[in-house]
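# Quick one: sequence and predicted model below, then my questions.
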2 protein chains.
Amino acid sequence: MAVPKKQLVKNQEMVIIGPEDGFQVATAKSRKTKNTITIRDVAEESGFSATTVSIVLNNAPLARYIPPHTKTRIQKAAKKLGYHPNIFAKSLRSKRNHTVGVMVFDVTDPYCTLIIRGIENSLYQASYLPMMTDAHNDRSRFERYLEMLLERRVEALIVLANWLFIDINLLADLEKSEIPTVIIGRDLESKSISSVTVDEEGGASAALAHLHALGHRKIAFVRGPKALMSAKKRWKGIQKFAQDAGLDLDQKLIVDLPDQLNPNVGVEDGYRMTEELLKRKKGFTALMAFDDMTALGAIRALTKAGVKVPEQCSVIGFDDVIPSALFVPSLSTVRQPMEAMGATAVNIAMDGISARAENREFAAVQRKLPSELVLRESTRAIP
Amino acid sequence: MAVPKKQLVKNQEMVIIGPEDGFQVATAKSRKTKNTITIRDVAEESGFSATTVSIVLNNAPLARYIPPHTKTRIQKAAKKLGYHPNIFAKSLRSKRNHTVGVMVFDVTDPYCTLIIRGIENSLYQASYLPMMTDAHNDRSRFERYLEMLLERRVEALIVLANWLFIDINLLADLEKSEIPTVIIGRDLESKSISSVTVDEEGGASAALAHLHALGHRKIAFVRGPKALMSAKKRWKGIQKFAQDAGLDLDQKLIVDLPDQLNPNVGVEDGYRMTEELLKRKKGFTALMAFDDMTALGAIRALTKAGVKVPEQCSVIGFDDVIPSALFVPSLSTVRQPMEAMGATAVNIAMDGISARAENREFAAVQRKLPSELVLRESTRAIP
DNA sequence: TCATTATATAGAATCGTTTCAATAAACGCA
DNA sequence: TGCGTTTATTGAAACGATTCTATATAATGA
C-alpha cells in the first residue's frame, strides 16, 4: 500500500500538489532571497491571510469588520517588511493606474510652462502623475504618442493645443479614444471632448480699449496666422471694440503672421512684419501684436528703426508668458490665467474619471475663463 | 486504497479540470459580451493557443520555429479583433513598463525647457515615456514624488537639479532607490548615481576671456548664491582666467546673489545687486552675471541708471536659456548644450536599464559636456 | 433556547500576460 | 530501423494583487 501511494504522491508532486510539499520549502526560501515582498509575505509575517491584509491595507469596505488589534498587527508587519504593493498587479485588477496623459504640441513654447505647472499641481493634489508627451508640432508624432498613451491605459487625456491647428482628423482620433479628454486652448463643438479656453475676444477688446483710452487712434495690428483659431477670436474682439468705439481700422496698418508651426519663430516673424508695417510709411502710435512673442519682435523692429517704445509707440501683446515681465521695456499684455487653465482641465478630467469609475454618464463641458489686462511699461499715453 | 485515490481524483477535477467543462461555456459567453479583447480571443479566432499567439506577437525567441503561415494567420486575427495587449498584465510579468521618472525642481525655470525637450526626444526614440514631476523647490514634495515614482516602478530616474541644492539626504534617498539614476547639472562622487554636467569652469573662463579680449579691465561680477555648486564652479573658472591673464579682480566690484530658491526671482535679484554695484561708484565697463536671468536684471538696472548696454557697459550671462536671444539687446552668454545634456542623461539611463535587464553590473558614469560661448549684442569692445 | 444577524477571517478565482516544461510530429543520419 | 534532433505547438504555472464566496464564531432578539 505504501508503494502505490508513494507513487501517487510523486505523480501529484509533478502534476498537482507537487509545488505544495517538496518544492514549497525551496520556493519559500527563494522567496526569502528575492527582494520583492508580496502581500503573502505580509500575510505570513502577521499571521493573517492575504485577503485580510489586502482589506486592511486598502481600507476596503470590509475593513469595518476587522478589529483594530488585527489592523495594527498587519500594518506593523507591512512596515517591518517594507512592503510596497505591486502597482502592476493592482492595475491589472482595478484597471486604473492613477496616471493621465498630457500632450503638448511644443514644450519650448513659453505659453506651455505655466499651464503645465497648473496641470502638474492639480494632479499632485489628486495623487496622479502625468505622462508628458511633446508632439513637436508634428502630426505623426502626435498620433504615435496618442497610441503610446492609450496603450499604457492612462485614465484621462489633457491636450494642450498650443499653436498647432487641431483638425477634424485629430479630433476623431481623440474622440474614439473613449477616455475623458480635455483640450486646453481650443474650443470645439464635440459632445465627448471637454475644453478649457480663455475669453480671447474679450481680452483683445480690452487691450484695444486700453490703447484707445491712452489716446491712440492710429493703431497697427500684427494679426495671428489665419489658420489659427485664436487669431480669429482676437481679431473679432478688436473689430467689436472698434465698431463700438467708432475707431477706424486702417487696412494699411494690418498685417498677418504667416501660417507656420514654430512658436519661437514668432519673434522673428513679428520683427519682419513690423518692418513691413514701417515700410508702408503710414504712421502709427501704437501696435497690437498677436501674442507676446510677436510683440517682442515688433519692439525689436521698432527699436532698430529708431522708434522708441513706449515713448513714440506703445506695444501690447497677448498671453503674458513668463519672460514678458522681464523684457525691457516690460510688456503690457493680456494675461491668460494659465495655471488656472491647467487646474480647470485637471478638475474636468478627474470628474470624467470618477464618472467612468462609477459607471455614470459624463457630459463634456466647455469652460471659458476670463482674461486679464496686465499693464506694464510698453504702453503709454500719447503725448 | 481506492478511496483515497478517488478522492484525490475528485480533488483534481475540482481544482484543475473543473474550469474546463461546465464553466468554460459560460466564461466564453461572458467574455464575448465584454469589450476587452484578450490574447485568448485572438487564440480562439486564429485557432492556435494563447502561448503561440504570445510568441508570435512578441516575436519571442521561439518564434523562429513558427512557420510564416501560422504567423500571418495570428497577426490577421489580432488585427481583425483589434487586439491590444494589456500593458498591466505585461508589466506584471516582465516587471518593466517602459517608463522613466523625470524629476525637475522647477519647471518654470527656463533652464529646464530645453533639457526636458532633450530628454523627451531621446526617450521617444527608445519608445519610453516620461513621468514628469516638479518639486517646486520643495524637499518634501520631492520626496513624495520620488515615492510615487518608485511605487509606479519607473525603470530609471532622471533628476534635473536645477537650482535646488541637492544635499546628502536627498542623495541617500536616491541611492537607496536601487534603480538607474542620472542627475543633470550637478556632479557627485556617488558610485551608484550617474551625472551629466557642463564644463562650467571652462565656460566662465571663456566668458571672462571674451570680455578681456574686448579690452575690458574693470569688470564687475554678480556671483551666484554661495550655496550653489554652480556658483563655485563658475567663480573658479573666473579666478583661473584672471590669474592666467594677470587680471585684477576688484573686491568692490563683486557681489553675491542671496541664497534662495526661486529662479525667476533671479531677475529681481540681479537688478538689486547691480544697483548695489552702481551705488559703490566704482566704475566698470563690463559685468559678468551668474546666469542669464541675473544678466537680464543687471541690464534693467543699468538701463534704468542711464548706463547704456552695450555701449557703455557690456553684460554677459550664462546658460543661454530660450529668451536670452530675444532680449533687447540680445544676450551674449555661455551656452549649456541642454538638449544634448538631456539626451546624454537618457542614454546613460538606458544603458543602466539594459544592464539591469541582463543582470549585468552597471557602474555609474559621470559625464561632463563642453560649454560654448555665444556672442550677441550685449557685449562690445571698449571704445 | 434556537434562529438570525453581525463580525472576523480565509480559500480560491480572477485580471491578461509570459514562460516553463512537455509532447508530438517530422527529419536526419548511422 | 531506430534514435536523437529540430520544428511546431500547447497546457499549466507563474506574476501579485483584489474580490467573491464561504465559513466559523459571537452577539442579538424572539
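Great, that's in hand.

# who in the stretch 251-383 of chain A is up against chain B?
Residues of the stretch 251-383 of chain A found near chain B (Cβ under 8 Å from any Cβ of the partner chain) are A:264, A:267, A:293, A:296, A:299-300, A:303, A:322-323, A:326-328. C-betas here are computed from N, CA, C, even on glycine.

# Closest to DNA strand D out of those residues?
Nearest to DNA strand D out of those is A:I322 (Cβ to the nearest atom of the strand; 41.2 Å).

# which residue packs closest to the closest one, ignoring adjacent ones?
A:P110 (5.5 Å; Cβ to Cβ, 6 or more residues apart in numbering or on different chains).

# got a list of what the one you found touches?
Applying Cβ atoms under 8 Å, 6 or more residues apart in numbering or on different chains to A:P110 gives the contacts A:292-293, A:321-323, B:110, B:113, B:322-323.

# Can you check the pLDDT for it?
The model reports A:P110 with a pLDDT of 90.

# A:I16 too?
Here, the pLDDT recorded for A:I16 equals 27.

# With respect to B:E372, which of the contacts of A:P110 is nearest?
When those are compared for distance to B:E372 (Cβ to Cβ), B:I322 wins out at 15.6 Å.

# Farthest pair within the contacts of A:P110?
A:D292 and B:T113 (15.7 Å).

# show me the contacts for A:A60.
A:S54 are the contacts of A:A60 under Cβ under 8 Å, 6+ apart.

# typo on my end, it should be A:L208
A:219, A:237-238, A:241-242, A:247, A:288.

# Now, these that are in strands?
The members of the contacts of A:L208 that map onto strands under DSSP state E are A:219, A:288.

# can you put the contacts of A:L208 in TSV and add neighbour count, pLDDT and distance to DNA strand C?
Conversion of the contacts of A:L208 to TSV gives the following (neighbours: other Cβ atoms under 10 Å in any protein chain shown; pLDDT from 0 to 100; distance: Cβ to the nearest atom of the strand, whole Å):
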residue	neighbour count	pLDDT	distance to DNA strand C
A:I219	24	97	60
A:G237	23	98	50
A:I238	23	98	53
A:F241	22	98	56
A:A242	16	97	59
A:L247	18	96	63
A:M288	30	98	55
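
# picking that back up, the residues of the stretch 251-383 of chain A next to chain B into a markdown table, with extra columns for neighbour count and secondary structure?
Shown next, in a markdown table, are these (neighbours: other Cβ atoms under 10 Å in any protein chain shown; DSSP: H, G, I helix; E, B strand; the rest coil):
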| residue | neighbour count | secondary structure |
| --- | --- | --- |
| A:N264 | 15 | helix |
| A:V267 | 21 | helix |
| A:M293 | 29 | helix |
| A:L296 | 27 | helix |
| A:I299 | 29 | helix |
| A:R300 | 23 | helix |
| A:T303 | 16 | helix |
| A:I322 | 18 | helix |
| A:P323 | 25 | helix |
| A:L326 | 22 | coil |
| A:F327 | 24 | coil |
| A:V328 | 20 | coil |
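
# Relative to chain B, which residue of the stretch 101-250 of chain A is the closest?
A:M132 (4.4 Å; Cβ to the nearest Cβ).

# Next one: that residue relative to A:V107, how far apart?
As for A:M132, its distance to A:V107 is 8 Å (criterion: Cβ to Cβ, to the nearest Å).

# any residues in contact with both of the two?
A:116, B:120.

# ok, those two, which is more surrounded?
Of the pair A:M132 and A:V107, A:M132 is the one with more neighbours under other Cβ atoms under 10 Å in any protein chain shown, namely 26 against 23.

# That one contacts B:M132, correct?
Yes - using Cβ atoms under 8 Å, A:M132 is in contact with B:M132, at 4.4 Å.

# nearest spatial neighbour of A:P329, skipping sequence neighbours?
Per Cβ to Cβ, 6+ apart, closest to A:P329 is A:E377, 3.6 Å.

# per-residue confidence for that neighbour?
Confidence score, pLDDT, at A:E377: 95.

# farthest-separated two in the residues of the stretch 251-383 of chain A next to chain B?
A:T303 and A:I322 (21.5 Å).

# coming back round to it: in CSV, list the residues of the stretch 251-383 of chain A next to chain B along with distance to A:M273.
Converted to CSV, these look like this (distance: Cβ to Cβ, whole Å):
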residue, distance to A:M273
A:N264, 16
A:V267, 11
A:M293, 12
A:L296, 12
A:I299, 13
A:R300, 12
A:T303, 15
A:I322, 23
A:P323, 20
A:L326, 23
A:F327, 18
A:V328, 21
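
# coming back round to it: between A:D292 and B:T113, point out the one with more neighbours.
The neighbour comparison of A:D292 against B:T113 (other Cβ under 10 Å) goes to A:D292, with 28 against 22.

# lowest-pLDDT helix or strand in chain A?
Lowest on mean pLDDT, DSSP states H and E among the helices and strands of chain A sits helix A:2-15, with a mean of 28.

# The stretch 201-350 of chain A: strands as residue ranges?
Using DSSP state E, counting those that start in this stretch, the strands of the stretch 201-350 of chain A run over A:219-223, A:254-256, A:286-289, A:314-316, A:333-335.

# Below-threshold pLDDT in chain A: ranges please.
Per-residue confidence for chain A (pLDDT under 70) gives these ranges: A:1-34, A:164-165, A:263.

# So which residues of it form helices?
Secondary structure of chain A (DSSP state H): helices at A:2-15, A:22-33, A:39-46, A:50-58, A:68-81, A:87-94, A:110-125, A:139-151, A:168-175, A:200-213, A:229-245, A:266-279, A:292-304, A:338-357.

# residues contacting the closest residue to DNA strand C within the stretch 201-350 of chain A?
Proximity of the stretch 201-350 of chain A to DNA strand C (Cβ to the nearest atom of the strand) peaks at A:A349, 23.5 Å away. Counting by Cβ under 8 Å, 6+ apart, A:A349 makes contact with A:100, A:156-158, A:180-182, A:194.

# for these, which one is nearest B:M148?
Using Cβ to Cβ, these come closest to B:M148 at A:V100, 13.4 Å.

# how far away is that closest one from B:G270?
Taken as Cβ to Cβ, the span from A:V100 to B:G270 is 37 Å.
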